[in-house]
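# next one to model:
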Amino acid sequence: MNLMTFENNGTKLSGLLGDMWTMLADFLNFTIEAVEIPEAKFGSQSSESHIGLIGMLRRNEVDIVPRVAFYLNTNDIIDYSTPLWTNSFRVYVRPQFESDDSWIFKTFPLPCWISIIISIGLFSLLGALFDRLNQAMIRFHGNTLQNLLLEHFFYTLGAFCNQGSIAVHVERSRIMAFSRRASAWLIISIFSTTLVASMTHKEMHLPFTGIDSLLVKTDYKLILSTASLAFSKFQDIILPNYTSRKYRRKIKYVSVAEDMYRTGCHGTGKDALFEAEDRHRARATRTCTFIPTEEAYFSTWITTGMVKGFQFKRPIDNGILKLIEVGLLDALKDRWLIPPLSWPPDKYVVVGMKQVYVIFTVLAIGVIVSLIIFIVEYIVFIHRRHHLRRKWDKQLRKQALRLKIPLHNQNLLVNESSPKERNIFLL
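Next up, the predicted model:
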């Protein structure tokens, strides 16, 4: 772990705290005799004695513990140095990245979409007005303004969708045609440049926001290390709120922090860690990526624990203050506690069907609507033709009766292959 590591058979310290105490030893001229202890509990009272790191300090087995959390209830047992940094305890979970199905609507912000719609409406209205004005000037009464407006709307929409525009010999205003094509080309170019980026963009989603939503609403398991500083606080403050066996089954304890990260990285993917922020950032360079949830629990100071009445406490406090004042402690934190950037990956992200199914859905809807319109128009056409045929035959019968011409062959009135005989009755 990057907080403190032992090198050269325990004779050299490394990591954030190791480098800090090496600087203090050089500055204050003392020798460090390091004692490597496996994962140990911070300490709690058992009968009339203390166990864990607090017990070792009280029994004078060690003089200094480099990293402890400041708790008021232990202030009469051990001494604390100048605080090093603040620390919070959070739930960490592996990030989930999902494709955004609404990417086609998020390519442009809402004001841009409104501007595009207004532009289509203005081009349609101005094009229809220009055509109507030209018809009035040449005294030609063609389509109504409503039909012209509808026609120009479809032409303009087709141009903005890169589906062509009004033919040059039909377009009345060259300025309008150029403006429409230029605007459509600009919008299509902008849309094309951001198309692939929008399709491959993935958003991060948190499956829960804290311990409560994890235990109540999800099937995730919460993993804790019994050797962490937050274990006792979790047992005293958080765990009493979840007494049901249903919730207790979702909480798992491990004795070694490495096992906690190993389970979280290589497990079922449904594991979350309850960890201190500095320990997470120190281990982030060696494990998979975990991200913190929104809710933080019982923040406290991280300090150095000393034997009660330690005679060199004051020089050590002054040395720590000097490291903080000159910025060396911040430099060490920047060096050892920065997590690596593991997302996005370096490999090329291939566009899958999940990113483009919206386009095919829109095309399918367009084809279905076109078929429906075609069927409706065909039905209307058949109905109108049948209606006109009956109306025409009725007029022919009236003409024949008025001229008193006998019609021995009734098929003459409905025979469409002999238009000359139809014209006899109109003379």
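
# now residue 264, what's its secondary structure?
Judged by DSSP: H, G, I helix; E, B strand; the rest coil, the three-state class of residue 264 is helix.

# quick check: the nearest residue to it once chain neighbours are set aside vs residue 256, distance?
Closest residue to residue 264 in three dimensions, ignoring its sequence neighbours and counting by Cβ to Cβ, 6 or more residues apart in numbering: residue 271, at 4.7 Å. All C-beta atoms are positioned from the backbone trio N, CA, C, and that covers glycine. As defined by Cβ to Cβ, to the nearest Å, residue 271 lies at a distance of 15 Å from residue 256.

# now do stretch 70-88, average pLDDT.
Within the predicted structure, the mean pLDDT of stretch 70-88 is 84.

# so how far is that stretch from its chain's centroid?
On the basis of Cα atoms, centre = their mean, to the nearest Å, stretch 70-88 is displaced by 39 Å from the centre of the chain it belongs to.

# what's the span of it, first residue to last?
Terminal residues of stretch 70-88 lie 12 Å apart, using Cα to Cα, to the nearest Å.

# which strands or helices does the one helix or strand residue 97 maps to pack on?
Assessed by DSSP states H and E, residue 97 sits inside strand 96-99. Based on contacts counted as 3 or more Cβ pairs under 8 Å, 6 or more residues apart in numbering; DSSP states H and E, the elements that strand 96-99 packs against are strand 202-205.

# quick one: strands adjacent to the strand it packs on?
strand 96-99 (antiparallel) (DSSP bridges).

# for the residue nearest to residue 153 when sequence neighbours are not counted, the count of nearby residues, please.
Excluding its sequence neighbours, the residue lying closest to residue 153 (Cβ to Cβ, 6+ apart) is residue 124, at 4.1 Å. Here the count is done by other Cβ atoms under 10 Å, and residue 124 has 21 residues near it.

# what do you get for residue 7?
Neighbour number of residue 7 under other Cβ under 10 Å is 11.

# where does the closest residue to it other than its chain neighbours land on pLDDT?
Spatial nearest neighbour of residue 7, chain neighbours left out: residue 14 (5.5 Å); criterion: Cβ to Cβ, 6+ apart. pLDDT, residue 14: 84.

# please name the bridge partners of residue 14.
The bridge-partner assignment for residue 14, based on DSSP bridges, gives residue 5.

# thought it was touching residue 3?
No: Residue 14 lies out of contact with residue 3 (Cβ atoms under 8 Å); the separation is 10.0 Å.

# and those two? Which one has more around it.
More crowded of residue 14 and residue 3, by other Cβ under 10 Å: residue 3, with 18 against 15.

# list the contacts of the more buried one.
Residue 3 makes contacts with 15, 16, 17, 67, 278, 279, 282, 336, as judged by Cβ atoms under 8 Å, 6 or more residues apart in numbering.

# ok, 6 Å please
Contacts for residue 3 were tallied using Cβ atoms under 6 Å, 6 or more residues apart in numbering; they are 15, 16, 17, 282.

# most neighbours among those, which one is it?
Within the contacts of residue 3, neighbour counts (other Cβ under 10 Å) peak at residue 16, which reaches 26 neighbours.

# the closest residue to it other than its chain neighbours: how many residues sit nearby?
For residue 16, the nearest residue in space outside its immediate sequence neighbours is residue 336; the separation is 4.1 Å by Cβ to Cβ, 6+ apart. The number of residues packed near residue 336 is 22, by other Cβ under 10 Å.

# surely residue 336 touches residue 4?
No: the pair residue 336 and residue 4 does not pass the contact test of Cβ atoms under 6 Å, sitting 9.7 Å apart.

# list the buried residues in stretch 188-206.
191, 195, 198, 199, 200, 201 (16 or more other Cβ atoms under 10 Å).

# quick check, nearest of those residues to residue 87?
Proximity of those to residue 87 was ranked by Cβ to Cβ; the top entry is residue 201 with 34.1 Å.

# how far away is the closest one from residue 100?
Computed with Cβ to Cβ, the distance linking residue 201 and residue 100 is 6 Å.

# mutual contacts of the two, please.
In the contact map built from Cβ under 6 Å, 6+ apart, no residue is linked to both residue 201 and residue 100.

# follow-up on the earlier one: what's the spacing between the residue nearest to residue 7 and residue 326?
Following Cβ to Cβ, the distance that separates residue 14 from residue 326 is 21 Å.

# part of a strand, is residue 273?
Yes: secondary structure of residue 273 (three-state DSSP): part of a strand.

# could you give the bridge partners of it?
According to DSSP bridges, residue 92, residue 223 are recorded as the beta-bridge partners of residue 273.

# which residues touch it?
If you count contacts by Cβ under 6 Å, 6+ apart, residue 273 has them with 92, 223, 260, 264.

# in TSV: those residues, plus neighbour count and pLDDT.
TSV is the format used below for those (neighbours: other Cβ atoms under 10 Å; pLDDT from 0 to 100):
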residue	neighbour count	pLDDT
92	20	88
223	24	89
260	25	85
264	23	83
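
# now those residues as JSON lines including distance to residue 132?
Shown next, in JSON lines, are those (distance: Cβ to Cβ, whole Å):
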{"residue": "92", "distance to residue 132": "67"}
{"residue": "223", "distance to residue 132": "74"}
{"residue": "260", "distance to residue 132": "76"}
{"residue": "264", "distance to residue 132": "70"}
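
# and of those residues, the nearest to residue 60?
Looking at the contacts of residue 273 and their distance to residue 60, the nearest is residue 260, at 31.3 Å (Cβ to Cβ).

# returning to what we had before: now do the same for the residue nearest to residue 153: its pLDDT.
The predicted local distance difference test score for residue 124 is 84.

# among the contacts of residue 3, which are in helices?
For the contacts of residue 3, the ones inside helices are 15, 16, 17, 282, with DSSP state H as the criterion.

# which of these lies at the shortest distance from residue 107?
Residue 107 has its nearest neighbour among the ones in helices among the contacts of residue 3 in residue 282, at 40.5 Å by Cβ to Cβ.

# now do that closest one against residue 226, distance only.
19 Å.

# go on, residue 130?
Here the criterion is Cβ to Cβ. By it, residue 130 lies 81 Å from residue 226.

# hmm, who's touching stretch 21-30?
Contacts to stretch 21-30, defined as Cβ under 6 Å, 6+ apart, come from residues 13, 32, 315, 319.
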